[in-house]
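*Asks:* What follows is a predicted protein model with its sequence.
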Amino acid sequence: MACFVYEGLLLFGIGLIPGAIGAVFTAISGHHHPLQSDTALRVITFVIYAVYFTWFWSARGQTLAMQTWHIRVVTADGRPLSQARALLRYVAACAWFAPAALLALLNGWTGWEGLGAIVVGVVAYALLALLHPQRQFWHDAVCGTRLVNAPPKQRT
C-alpha cells in the first residue's frame, strides 16, 4: 500500500501535464480548445497513465514507485510482461477506483463525497486480496501476473 500511495503522488504530477498544456494553449491563443473539456482531459490523462504503466511494466517490470519499494510485476510463471499484458493489467487495475468513481458520478456526488467513495473503494479492493489464496490483488489474478520481491542488485 505504501507503494500505491507513492505511485499516486507520481501520477498526480504526471496528471498535471494535460492541464498545463491546455492552460498554456489558452494563455497563448486566448481561445478555449474543445480538448480542454473535463471529459477530454480525463481521457487524455487516462491515456498518458496507460502509456506510463504499460511502458514501465513491459520494459522494466517496475514503475518508479515499484523500484523504490523493490517490487516487480511478472507473469504467473515469472517472465516479463508483454506490452499487451501490461496494458490489460492497467485496464484491470482500474478496479481499484472505477466502481466507486462510477457510483459517485451516477449519484451526482460532490468532489469530496466522490473522493470519499473512492477512498472506501480502494480500501475495500485492497481487503479483497485477503480472500485470494495467494493474497494477490484480483487484477493480477485475472491477468496472470503477480508481484514479486525485487531487491536491488549488489554492486561489486
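*Replies:* That came in fine, so what should we check first? Residues are numbered from 1 along each chain as shown.

*Asks:* Quick check: Val74 touching Thr145?
*Replies:* Yes - if you go by Cβ atoms under 8 Å, Val74 and Thr145 touch, sitting 6.8 Å apart. Backbone N, C-alpha and C define where each C-beta goes, glycine included.

*Asks:* Between these two, which contacts overlap?
*Replies:* Residues touching both Val74 and Thr145 (Cβ atoms under 8 Å, 6 or more residues apart in numbering): Leu81.

*Asks:* Looking at the two, which has the bigger crowd around it?
*Replies:* Between Val74 and Thr145, Thr145 has the larger neighbour count (other Cβ atoms under 10 Å), namely 24 against 16.

*Asks:* Return the backbone torsion pair for that one.
*Replies:* For Thr145, the backbone dihedrals (degrees, to the nearest 10) come out as phi -120, psi 170.

*Asks:* Verify the contact between it and Val73 for me.
*Replies:* Yes - using Cβ under 8 Å, Thr145 makes contact with Val73 at a distance of 5.5 Å.

*Asks:* Which residues are in contact with each of the two?
*Replies:* 81, 89.

*Asks:* and the next element down the chain from the longest helix belonging to the chain?
*Replies:* For the chain, the helix with the greatest residue count under DSSP state H is helix 2-29. Counting by DSSP states H and E, the next helix or strand C-terminal to helix 2-29 is helix 38-59.

*Asks:* State the mean pLDDT of that next one.
*Replies:* Confidence for helix 38-59, expressed as mean pLDDT, is 89.

*Asks:* List of residues touching that helix?
*Replies:* 11, 14-15, 17-19, 22, 34-35, 62-64, 66, 73, 80-83, 85-87, 89-91, 93.

*Asks:* How about stretch 86-94?
*Replies:* Under Cβ under 8 Å, 6+ apart, the answer for stretch 86-94 is 49-50, 53-55, 57-58, 73, 81, 137, 139-140, 142-143, 145.

*Asks:* Number of residues surrounding the nearest residue to Gln83 once chain neighbours are set aside?
*Replies:* The shortest distance from Gln83 to any non-neighbouring residue, by Cβ to Cβ, 6 or more residues apart in numbering, is to Ser58 (4.5 Å). Neighbours of Ser58 under the rule other Cβ under 10 Å: 18.
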